[in-house]
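Novice: from the sequence below, what's the structure:
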Amino acid sequence: MNEGFEQLMAFIGSQLPEPVEESDGAAGEIVFSGGDPVEVVVHLTASTVVVFEFAREWTTDSLVARPRRVGSVKWGRLPETDTMNALSALIKGARESRRAKFRVCRSCGRNTPPELLYAADMCVPCAGDEPGTVH
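Specialist: Numbers count the residues shown, from 1 in each chain. Just a heads-up that it's a prediction; the model follows:
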């Protein structure tokens, strides 16, 4: 790894909401995820950084991660400052978009991501406690 790559790794980690997790992805990429629940996912390769708004969708019987691409930067082609500014804006935009979809559960008061809402204003765990709820 070169110095620019390591600096980029550190920068991405510093821009994401806590907690930040880092894992190895396909073909040598590094995948960062930030937030609890996750808000932003970033894929870093030797030449590109791709920023995603985290999203999950229900399949027949489970939740599946389906992040939505916000944008990418060919980090080797830009000056360092421009790369950092672009990534900062993409991460901020992805985070704001994700957080705008959260709703406060009328029963427990928790700020809940959209995939864990049973109704527009009630989370799945609280809906299970409501009399007459059918799943």
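Novice: C-alpha from now on. contacts and neighbour counts both.
Specialist: Will do.
Novice: following the longest helix along the chain, which helix or strand comes up?
Specialist: For the chain, the longest helix by residue count, based on DSSP state H, is helix 80-100. Per DSSP states H and E, helix 80-100 leads on to strand 103-104 as the next helix or strand towards the C-terminus.
Novice: mind checking the SS state of the nearest residue to G25 once chain neighbours are set aside?
Specialist: Using CA to CA, 6 or more residues apart in numbering and skipping residues adjacent in sequence, the residue nearest G25 is V31, 5.8 Å away. Assigned by DSSP: H, G, I helix; E, B strand; the rest coil, the conformation of V31 is strand.
Novice: quickly list what V31 is bridged to.
Specialist: Note on V31: beta-bridge partners by DSSP bridges are S23, H43.
Novice: centroid residue for the protein?
Specialist: V40 (2.0 Å; CA atoms, centre = their mean).
Novice: quick one, what contacts that one?
Specialist: When contacts are counted by CA atoms under 8 Å, 6 or more residues apart in numbering, V40 is found next to L16, P17, S33, G34, V51, F52, E53, F54, I91, A94, R95, R98.
Novice: only the buried subset of these, as a ChimeraX command please.
Specialist: The ChimeraX selection below is limited to those of those classed as buried (16 or more other CA atoms under 10 Å):
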select :16,17,33,34,51,52,53,54,91,94,95,98
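Novice: show me where this structure has helices.
Specialist: Using DSSP H, helices in the chain cover 3-15, 80-100, 124-129.
Novice: rewinding a little: pLDDT value on the residue nearest to the centre of the chain, please?
Specialist: V40 carries a pLDDT value of 97.
Novice: returning to what we had before: out of the helices of the chain, which one sits most buried?
Specialist: helix 80-100 (a mean of 17; mean count of other CA atoms under 10 Å).
Novice: between that helix and helix 3-15, how big is the angle?
Specialist: If you take axes from the mean of the first three to the mean of the last three CA atoms, to 10 degrees, helix 80-100 sits at 30 degrees to helix 3-15.
Novice: domain assignment for this protein?
Specialist: 3-101, 102-135 (automatic domain parsing).
Novice: lowest average confidence across those, which one?
Specialist: The bottom spot among the domains of the chain, by mean pLDDT, belongs to domain 102-135, with a mean of 83.
Novice: having no further points to raise, I will conclude here.
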